[in-house]
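Q: Test case, fold it:
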Amino acid sequence: MKRWNFKVDDNPNEISKKLESALGTIQGTVFNLSRDKNSVVTFKVRKRVLYAWYMVFQNWTIVNGKLLKTDNDNKTNVEINFTQHFLIVLIIFTHILLGLSFLIAIISGKSNGTSTYVIGGILLVIGIILWIAIQKKFEKDIKNYKTLISEILET
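A: Numbering: from 1, shown residues only. Below you'll find the model as predicted:
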């Protein structure tokens, strides 16, 4: 999870209207906005996966944000958290754990076949490669969301 905090020279209602009008109209995204009793506005943005085979190509980053009113009427604290979708984290750790379990079975003497070495090694390598690739994509998605949100709030 990555955090991004900054202040904006507008009140939370104006900022939420800007975000809703800009992000609510983008096709393929899910944008949820809710207002709290304590004048806290929360929002959530993520790309929608329409087809199962697009799961690899879609954005696995979920944006959770809060708009908090400060003591000054025209200032707003914006707190945004970027997290990875649960399913992609599950896929990565499943590959790594399966590969490690095959290798542990070999070390403990439960299995002696060379195919177990190969399967365990391949699963472990796939898990590590997926982890590295998805972390790079996560950083790229964060950068894209930061520029998008900055452009929306500057207008």
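Q: how much space between Ile96 and Ile80?
A: For Ile96, the distance to Ile80 equals 29 Å [CB to CB, to the nearest Å]. For every residue, glycine as well, the C-beta is placed using N, CA and C.
Q: And for Gly109?
A: For Gly109, the distance to Ile80 - CB to CB - is 50 Å.
Q: and what of Ser39?
A: 18 Å.
Q: Look at those two and report which has more neighbours.
A: Looking at Ser39 and Ile80 with other CB atoms under 10 Å, you find the greater number of neighbours at Ile80, namely 20 against 13.
Q: Quick one: residues contacting that one.
A: Each residue near Ile80 by CB atoms under 8 Å, 6 or more residues apart in numbering is listed here: Arg3, Trp4, Asn5, Val63, Asn64, Gly65, Lys66, Ile149.
Q: per-residue confidence at the last one?
A: Taken from the predicted model, the pLDDT recorded for Ile149 is 85.
Q: Mind giving me the packing neighbours of the helix or strand it falls within?
A: Assessed by DSSP states H and E, Ile149 sits inside helix 114-154. If you count contacts as 3 or more CB pairs under 8 Å, 6 or more residues apart in numbering; DSSP states H and E, helix 114-154 packs onto strand 2-8, helix 12-23, strand 61-69, strand 76-84, helix 86-108.
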